[in-house]
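> Below is the structure, and that's it, no one-letter string:
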């Protein structure tokens, strides 16, 4: 299981010069938002296009981040509908 990098909060920005891969930075930011309730359980998180616009990442990077968060149990991906926050608590 991947270990998410520490030190990223819900309002952090992606640092392309940081040693942490961009997709893991994005995962850490999204987890922080989930943990503070900005994205509550059973609600959809922003989609790939929105993440691309907000964070300036590639579509593949956004997709990889959402997929990893689903593998870690934070999200449930429903094809054609989006990624929903799970009751991971």
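Yep, it's here. Quick caveat: nothing in here was measured; it's all calculated off a predicted structure. Residues are numbered from 1 along each chain as shown.

> Look at residue 62 and say how many residues are nearby.
For residue 62, the neighbour count with other CB atoms under 10 Å is 24. The way it works is simple: take the backbone N, C-alpha and C, and place the C-beta from them, glycine included.

> ok, it - contacts?
Taking CB atoms under 8 Å, 6 or more residues apart in numbering as the contact definition, residue 62 lies against 26, 48, 51, 52, 55.

> The closest residue in space to residue 81 that isn't next to it in sequence and residue 83, how far apart?
For residue 81, ignoring the flanking residues on the chain, the nearest one in space by CB to CB, 6 or more residues apart in numbering is residue 44 at 7.4 Å. Separation of residue 44 from residue 83 (CB to CB, to the nearest Å) stands at 7 Å.

> mind listing the strands in the protein by residue range?
Assigned by DSSP state E, the chain shows strands spanning 75-78, 82-85.

> Identify, out of those, the most deeply packed stretch.
Between the strands of the chain, strand 82-85 has the highest mean count of neighbours, a mean of 19, where neighbours are mean count of other CB atoms under 10 Å.

> what's in contact with it?
Counting by CB under 8 Å, 6+ apart, 34, 39-45, 47, 66, 69-70, 74-78 sit against strand 82-85.

> about what we covered before: out of the contacts of residue 62, who has the most neighbours?
In the contacts of residue 62, the most neighbours by other CB under 10 Å go to residue 26, 25 neighbours.

> For the residue nearest to that residue when sequence neighbours are not counted, which residues are in contact?
Spatial nearest neighbour of residue 26, chain neighbours left out: residue 65 (4.2 Å); criterion: CB to CB, 6+ apart. Residues in contact with residue 65 (CB under 8 Å, 6+ apart) are 23, 24, 26, 27, 30, 51.

> let's go with 7 Å and repeat that
Applying CB atoms under 7 Å, 6 or more residues apart in numbering, we find residue 65 in contact with 23, 26, 27, 30.

> so of these, which ones are in helices?
If you go by DSSP state H, those have 23, 26, 27, 30 in helices.

> what's the nearest residue to residue 64 if we skip its chain neighbours?
Leaving aside its sequence neighbours, residue 64 sits nearest to residue 23 (CB to CB, 6+ apart; 4.5 Å).

> Would you check how far apart the one you found and residue 29 are?
11 Å.
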